[in-house]
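Engineer: Using only what follows, build the 3D model:
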Amino acid sequence: MKYFKREEFNCTHTNENRMSEEFLEKIDRLREMCGFPFKITSGYRDATHPHEARKETPGTHNQGIAADIAVSNATERMNIVHNALKMGFGGIGVARTFVHVDTRKTTPVMWTYS
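Structural biologist: All right, here's what the predicted structure looks like:
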């Protein structure tokens, strides 16, 4: 990867990392297209991670195909979402302080966090 270290995607609960190489290459290209640094706030999440433990089925973070990217303003948020859509990311979640991107293979979805 050009812009990231694999460790940036480690589980914050267990320090495990089972990220998909394909996903990591794709998020690296997303960073290139956006043209500004990304801080990853959540990458891989082990099944014991509090966010994953309450789910009935493994989420995209647990599958190693998702990351949350910190944003500090609306321009960054728009840039990430615009380029993630162009690149074909299958899941995009938009929050005030971060954007979630994932490479799910099901019907593409976008959501907001309240």
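Engineer: can you map out the strands along the protein?
Structural biologist: For the chain, the strands defined by DSSP state E cover 40-42, 66-70, 91-94, 98-102, 109-112.
Engineer: These: which one's closest to residue 3?
Structural biologist: Minimum separation from residue 3 across the strands of the chain (Cβ to Cβ) falls at strand 40-42, 10.3 Å. For every residue, glycine as well, the C-beta is placed using N, CA and C.
Engineer: Give the pairing partners of the closest one; include direction for each.
Structural biologist: Counting by DSSP bridges, the strands paired with strand 40-42 are strand 66-70 (antiparallel).
Engineer: ok, now which ones touch the residue minimising distance to the centre of the chain?
Structural biologist: Among the residues of the chain, the one closest to the centroid is residue 67, at 1.7 Å (Cα atoms, centre = their mean). The contact partners of residue 67, taken as Cβ atoms under 8 Å, 6 or more residues apart in numbering, are 9, 23, 27, 40, 42, 43, 61, 100, 101, 102.
Engineer: what's the spacing between the residue nearest to it when sequence neighbours are not counted and residue 21?
Structural biologist: Excluding its sequence neighbours, the residue lying closest to residue 67 (Cβ to Cβ, 6 or more residues apart in numbering) is residue 43, at 4.9 Å. The gap separating residue 43 from residue 21 is 13 Å, by Cβ to Cβ, to the nearest Å.
Engineer: out of those two, which sits in the busier spot?
Structural biologist: With neighbours defined as other Cβ atoms under 10 Å, residue 43 and residue 21 compare such that residue 43 has more, 24 against 10.
Engineer: residues in contact with the more buried one?
Structural biologist: Contacts for residue 43 (Cβ under 8 Å, 6+ apart) come out as 8, 9, 10, 11, 17, 19, 61, 66, 67, 68.
Engineer: Cheers, nothing more for now.
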